[in-house]
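J.: could you work out the structure for the sequence below:
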Amino acid sequence: MKTVKPNTLNLIIFRLIVVTTLLAAAVIIQLSTAVFLPLGPFYIIVLASYAFCLIFLFLYLWDSHVKLQAEAQIFVDVLIITALVYITGGLGGHLYVLYIFPVLAAGMVLSGRAAYLTASLAAILFGLLADGMFYGFIPYFKVNQVRETSAGLVLYTIFLAWALFFAIAYLFARFGHNARRSREALEQVQHELLVKERLAEAGQMSALIAHEIRNPLAAISGAVQVLQTELRPSGEAAELMSIVLRESRRVSQTIDQFLNLASPAPQEFTRFRPAEVIRETVTLLRMSGDLGDGITVEENVDACTDEFYGSPGQFKQVVWNLLRNALSAMPEGGVVRINCTHGLGRPLTLSVADSGRGMTPQERERIFEPFYSAFPGGRGLGLAVVRRIIEDYQGTIRVQSEPGRGTEFHLTLPDRVDPRKDH
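T.: Got it, this is the predicted structure:
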């Protein structure tokens with residue numbers, strides 16, 4: 001729809017240019033000869049074309065159904081061209097080449113399929129008109145237009161015109177397909193640039209936050225812990241101190257996520273078993289109270305016990321953030337499925353699927369953007385960090401999700417070579 005609207009206006013302008021060119025040619029021919037040419041019907045069709053241009057321009061300005069308008073314009077153009085072909089003598093007038101213009105317009109404004117349909121309509125109307133005039137079913141517009149010709153020449157001309165119509169449709173179908181792929185690739189590149197710009201913003205913001213908040217926050221948290229130990233408060237005072245400590249940890253985690261997103265610290269790579277890290281992360285979530293009674297976690301990680309060379313801390317962060325995202329999508333409970341496979345010399349694959357609310361296509365396009373969250377109270381950092389880590393590993397991450405049918409993250413990490421084994 002984004003491209004149909006401006007192209008619909010271009011179609012109106014293009015029609016005006018073609019009709020004006022035909023009108024100018026007719027006037028020049030009329031003025032250049034001393035013999036009066038009966039061009040009245042031609043002028044009527046030209047005036048009708050101008051009238052249709054005004055009608056379609058009015059509809060373009062006041063109606064939102066631009067795709068339907070474009071289809072109607074192309075259909076009317078085919079009918080007008082058929083009328084021109086008829087009054088100029090059918091095959092003898094040679095104006096049937098004008099059929100290529102609505103075929104071109106359909107391919108440019110609508111789609112390759114529309115180009116084929118327009119070519120089919122033009123072929124049917126032209127074929128019926130040419131055959132009908134040759135065999136006498138349709139009378140010639142003027143008696144002097146009748147020419148002696150053979151059935152073979154008529155069929156040859158018809159099939160040649162058909163070949164031209166469908167060749168144009170084929171070329172524009174291919175052109176439209178390639179143009180759509182190029183446009184999608186361009187949009188993807190623009191989206192990647194936007195994400196990288198957000199990452200740069202996150203880097204500047206995280207440095208400022210870490211400098212201005214981390215040290216005072218540590219001092220506050222330490223002071224509250226000392227007071228909690230010495231005073232041993234009870235009741236409301238104890239609850240308030242617990243809230244201060246808990247919120248301090250939450251803010252500290254936010255700062256750490258900013259730093260990991262914008263400028264991750266160098267990681268120590270070692271060999272570890274992914275299955276052990278996954279089970280440990282699930283245990284930590286369960287101990288933290290995030291896994292309520294309504295949440296079921298199904299682990300299928302027995303095929304992930306071979307050692308993997310990488311950063312266990314980063315891998316744990318990926319699993320943690322994906323699980324936290326799954327829990328946020330299931331506020332009323334549900335099932336989280338974790339599948340992991342890995343073999344020596346083969347990439348590590350991990351999938352985390354939930355039975356939550358799912359995502360719309362618009363949400364799927366933005367989930368990895370920093371500071372964007374589809375959940376109330378979300379900070380939009382967890383999945384951005386996951387993407388950053390996966391990119392650092394030169395891995396891939398895919399998302400499958402539909403509203404009301406849950407979400408599945410599927411990532412692949414290439415098996416790195418342990419340099420210590422080469423010595």
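J.: name the SS class of the closest residue to Gly92 other than its chain neighbours, please.
T.: Leaving aside its chain neighbours, Gly92 sits nearest to Arg147 (5.4 Å; criterion: C-beta to C-beta, 6 or more residues apart in numbering). Just so you know, the C-beta spots here come from the backbone N, C-alpha and C atoms, and that holds for glycine as well. Three-state call for Arg147 (DSSP: H, G, I helix; E, B strand; the rest coil): coil.
J.: now Arg147: how far from Tyr140?
T.: Distance check for Arg147 against Tyr140: by C-beta to C-beta, to the nearest Å, it reads 9 Å.
J.: the more surrounded of these two?
T.: Tyr140 (16 against 11; other C-beta atoms under 10 Å).
J.: can you read off the pLDDT for the closest residue to Leu98 other than its chain neighbours?
T.: Spatial nearest neighbour of Leu98, excluding adjacent residues (C-beta to C-beta, 6+ apart): Ile81 at 4.6 Å. Ile81 carries a pLDDT score of 86 in this model.
J.: can you pull out the residues in contact with the strand or helix carrying Ile81?
T.: Using DSSP states H and E, Ile81 sits within helix 66-87. If you take C-beta atoms under 8 Å, 6 or more residues apart in numbering as the criterion, helix 66-87 is touched by 1, 4-5, 7-8, 11-12, 15, 41-42, 45, 48-49, 52, 56, 59-60, 63, 93, 95-96, 98-99, 101-102, 105-106, 109-110, 114, 118, 121-122, 125-126, 129, 133, 138, 141.
J.: helices and strands of this protein: which one bottoms out on pLDDT?
T.: Lowest on mean pLDDT, DSSP states H and E among the helices and strands of the chain sits helix 236-262, with a mean of 69.
J.: which SSE is immediately downstream of that one?
T.: According to DSSP H and E, the helix or strand after helix 236-262 is strand 270-272.
J.: give me the nearest residue to Ser314, chain neighbours excluded.
T.: One correction, residue 314 is Gln, not Ser. Per C-beta to C-beta, 6+ apart, closest to Gln314 is Ile389, 5.0 Å.
J.: could you chop the chain up by domain?
T.: 4-190, 192-262, 270-422 (automatic domain parsing).
J.: check those domains for me: which has the lowest mean pLDDT.
T.: domain 192-262 (a mean of 70).
J.: related to what we said a few turns ago, tally of neighbours for the residue nearest to Gln314?
T.: 25.
J.: helix or strand for it, which one?
T.: helix 382-392.
J.: that helix packs against which elements?
T.: helix 151-209, helix 236-262, helix 312-328, strand 396-401, strand 407-413 (3 or more C-beta pairs under 8 Å, 6 or more residues apart in numbering; DSSP states H and E).
J.: how about a cut-off of 7 Å?
T.: Under the contact criterion of 3 or more C-beta pairs under 7 Å, 6 or more residues apart in numbering; DSSP states H and E, helix 382-392 touches helix 236-262, helix 312-328.
J.: tilt between it and strand 407-413?
T.: 20 degrees (axes from the mean of the first three to the mean of the last three C-alpha atoms, to 10 degrees).
J.: in helix 382-392, what counts as buried?
T.: 382-390 (16 or more other C-beta atoms under 10 Å).
J.: tell me the gap between it and the middle of its chain.
T.: Taking C-alpha atoms, centre = their mean, to the nearest Å, one finds the center of helix 382-392 at 21 Å from the center of the full chain.
J.: same deal with stretch 62-69?
T.: That offset, for stretch 62-69, works out to 23 Å (C-alpha atoms, centre = their mean).
J.: how many other residues sit next to Leu54?
T.: Neighbours of Leu54 (other C-beta under 10 Å): 11.
J.: how about Leu344, secondary structure?
T.: coil.
J.: quick check: phi and psi at it.
T.: Note on Leu344: its backbone torsions stand at phi -60, psi 130 [degrees, to the nearest 10].
J.: can you pull the contacts of it?
T.: Asp306 (C-beta atoms under 7 Å, 6 or more residues apart in numbering).
J.: kindly recompute the last result at 8 Å.
T.: Leu344 touches 306, 415, counting by C-beta under 8 Å, 6+ apart.
J.: also Phe315?
T.: So Phe315 contacts 272, 274, 277, 308 (C-beta under 8 Å, 6+ apart).
J.: next one: Thr149
T.: Taking C-beta under 8 Å, 6+ apart as the definition, contacts of Thr149 comprise 91, 134.
J.: give me the most central residue, the chain.
T.: Glu184 (6.4 Å; C-alpha atoms, centre = their mean).
J.: picking that back up, thought the residue nearest to Gly92 was touching Gly93?
T.: No: using C-beta atoms under 8 Å, Arg147 is not in contact with Gly93, being 10.7 Å away.
J.: quick revisit: and the residue nearest to the centre of the chain, how far is that from Leu61?
T.: If you measure Glu184 against Leu61 using C-beta to C-beta, the figure is 30 Å.
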